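In: Okay, sequence plus prediction incoming.
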Amino acid sequence: MDLRDILPEQMSTPAKLYLTSNLLNGFGNGIANVIIGLYLLQLGFGAAEIGFISMLSSLGMFLFLLPSGVLADRYGKAKIMVAGWVPMILFLGILLTTSNLLLLGVAWFLNGIGNAAGNASIGPFFSTLFKRKDMDKAFGLRGFLNIISMSLGSLVGFVPLYLVNNYGFTLRYSYWLMILLASIIFVAQIPFYWQMFKYVKEEKRENGLKFNIKSKEVVVKYSIIQVIQMLAFGPFSSMFTFFVNKKFGVESDALGGMQFISYFVQAGSNLLSPKISNHFGSVKTITASLILASPFFALFTIAPSFLWISIIYITRLGVASICNPLLPSLFFKLLYEEESATANSIASMASNGASIFTPRIGAYLVDSVSINAPAILAALMYPIYGATFYYFFKNLKPPNIEVAQEVTKQN
């Protein structure tokens, strides 16, 4: 394989620093995704308490997404990234030092604020580090590295039981140590971002805090697509663990093994998707990826064993993940750089708002219709998702500007 087909032609120093910090972030998130829920259970919380604090994180993110985007476009995306570190560090500090439900609720709300600042600024900032022709490859590379590092981080989930069985640690303390490790890794990425900021100069916009989006059509259409995506996939994803547990008695070990393999398949799709889009175009590639993923949801309902569920799950993920780096890349290519953070925040709010309701939709379908209903809903909606995307974006053209910042120093 010619690496020029999947890697950006130019990699500036800030881009390399960004991707290095992205690796650390993925590894830390891989640990946290496996450990934090189990740690909360060890603290004695049930589903209601865990659902409560998780809702506060979503609420914090929803409330602060748009202000973060507007401020990022006005004062600079780097400044908002730095501001987002403060609530994230407070979140980690509270998580490591208390088991009080109210304080943990505050911590998760702070986590939502930090995620809002990061979501509003990190993706738009990354898009400014590459020329428009390289953005598919850049987002593909970012997704590949992030997923690989998350998969490696997820393997840390085997460590707590090892500490319990071989060193006599309690399970609660073992989980706490892994959260401490994830926290250290999170803090370790900050110097790479800080060094990156020295290379990139962002001009301060002189338009106050006016809410003015020139690419209104793009933002509205992309936001609608985000909502459709959540309505199609959210009920299924929220009920997937319940689905396989009730049908096949599957527990965390089998699910973890399947997830580990799927990470690598997803990473490969992220890396190859720019090459595919070079041949067929981003819009056609994304549309085909979404529509071709549809039959796999229907196959979930007739799979005779968890082995077949795993094969279907991993294959579907490989097909659907082809569009993952192309969607944000296309979105940012269609925007003016000075409004990218605000526009991204609006689209993220649409997705985040829909995500609040989709777990309830999934639970209702399982309880009132059938355990297979969320999968059937996804199978029916994904062709609509793909067709709507194609109709919305087939004729849209990028503004006649160069996205990459020319002020970045090449190394």
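Out: Sure thing, it's come through. Numbers count the residues shown, from 1 in each chain.
In: make it CA atoms for all contacts and neighbour counts henceforth
Out: Noted.
In: mean confidence for stretch 223-231?
Out: In this model, stretch 223-231 has an average pLDDT of 93.
In: swap in stretch 353-367?
Out: Here the average pLDDT along stretch 353-367 is 81.
In: How about stretch 65-77?
Out: 82.
In: Distance from that stretch to the middle of the chain?
Out: Centroid separation for stretch 65-77 versus its chain: 19 Å, with Cα atoms, centre = their mean, to the nearest Å.
In: Give me the buried positions along it.
Out: Residues of stretch 65-77 classed as buried: 65-77 (neighbour count, 16 or more other Cα atoms under 10 Å).
In: Quick check: of these, which lies closest to residue 18?
Out: Distances from residue 18 to the buried residues of stretch 65-77, taken as Cα to Cα, are shortest for residue 77 (13.4 Å).
In: Could you pull up the residues touching the nearest residue to that closest one once chain neighbours are set aside?
Out: Residue nearest to residue 77 in three dimensions, not counting chain neighbours: residue 121, with 4.9 Å by Cα to Cα, 6 or more residues apart in numbering. Counting by Cα atoms under 8 Å, 6 or more residues apart in numbering, residue 121 touches 68, 69, 72, 77, 78, 80, 81, 341.
In: distance of residue 121 from residue 81?
Out: According to Cα to Cα, to the nearest Å, residue 121 and residue 81 sit 6 Å apart.
In: How about residue 71?
Out: Taken as Cα to Cα, the span from residue 71 to residue 81 is 11 Å.
In: Kindly report the same for residue 27.
Out: 19 Å.
In: and what of residue 33?
Out: For residue 33, the distance to residue 81 - Cα to Cα - is 22 Å.
In: okay, the two: which has more neighbours?
Out: residue 81 (23 against 14; other Cα atoms under 10 Å).
In: what's the closest non-adjacent residue to that one?
Out: Using Cα to Cα, 6+ apart, the closest residue to residue 81 is residue 118 (5.7 Å).
In: Helices of this protein, start to end?
Out: Ranges of helices in the chain, per DSSP state H, are 13-42, 47-75, 77-97, 101-127, 135-154, 159-167, 171-197, 216-248, 252-280, 282-300, 306-320, 326-333, 340-368, 373-393.
In: in this structure, which ranges drop under the pLDDT threshold?
Out: Within the chain, the segments meeting pLDDT under 70 span 1-6, 47-48, 51, 201-212, 250-256, 400-411.
In: per-domain residue ranges of it.
Out: Domains of the chain are assigned by automatic domain parsing as 13-201, 215-398.
In: could those go into JSON lines alongside distance to residue 7?
Out: Converted to JSON lines, the domains of the chain look like this (distance: least, Cα to Cα, whole Å):
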{"stretch": "domain 13-201", "distance to residue 7": "5"}
{"stretch": "domain 215-398", "distance to residue 7": "8"}
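In: Could you give the number of residues near residue 368?
Out: Neighbours around residue 368, by other Cα under 10 Å: 10.
In: Would you format the helices of the chain as a markdown table with distance to residue 399 included?
Out: Converted to a markdown table, the helices of the chain look like this (distance: least, Cα to Cα, whole Å):
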| stretch | distance to residue 399 |
| --- | --- |
| helix 13-42 | 23 |
| helix 47-75 | 17 |
| helix 77-97 | 21 |
| helix 101-127 | 15 |
| helix 135-154 | 15 |
| helix 159-167 | 50 |
| helix 171-197 | 26 |
| helix 216-248 | 11 |
| helix 252-280 | 20 |
| helix 282-300 | 16 |
| helix 306-320 | 28 |
| helix 326-333 | 8 |
| helix 340-368 | 12 |
| helix 373-393 | 14 |
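In: Quick one: distance of stretch 86-98 to the chain centre.
Out: On Cα atoms, centre = their mean, the centre of stretch 86-98 falls 21 Å from the chain's centre.
In: Buried residues, it. List them.
Out: 87, 88, 89, 90, 91, 92, 94, 95.
In: and the first one, what does it touch?
Out: With contacts defined as Cα under 8 Å, 6+ apart, the neighbours of residue 87 are 110, 111, 113, 114.
In: nearest to residue 242, of the buried residues of stretch 86-98?
Out: residue 95 (27.2 Å).
In: OK, contacts around the residue lying closest to the closest one once chain neighbours are set aside?
Out: In space, and not counting its chain neighbours, residue 95 is closest to residue 104: 6.4 Å by Cα to Cα, 6+ apart. When contacts are counted by Cα under 8 Å, 6+ apart, residue 104 touches 53, 94, 95, 98.
In: gap between the nearest residue to the second one once chain neighbours are set aside and residue 123?
Out: Taking Cα to Cα, 6+ apart as the measure, residue 94 lies nearest to residue 107, with 6.1 Å between them; neighbours along the chain are not counted. Computed with Cα to Cα, the distance linking residue 107 and residue 123 is 24 Å.
In: returning to that earlier point: of the buried residues of stretch 65-77, which is the nearest to residue 366?
Out: residue 65 (31.5 Å).
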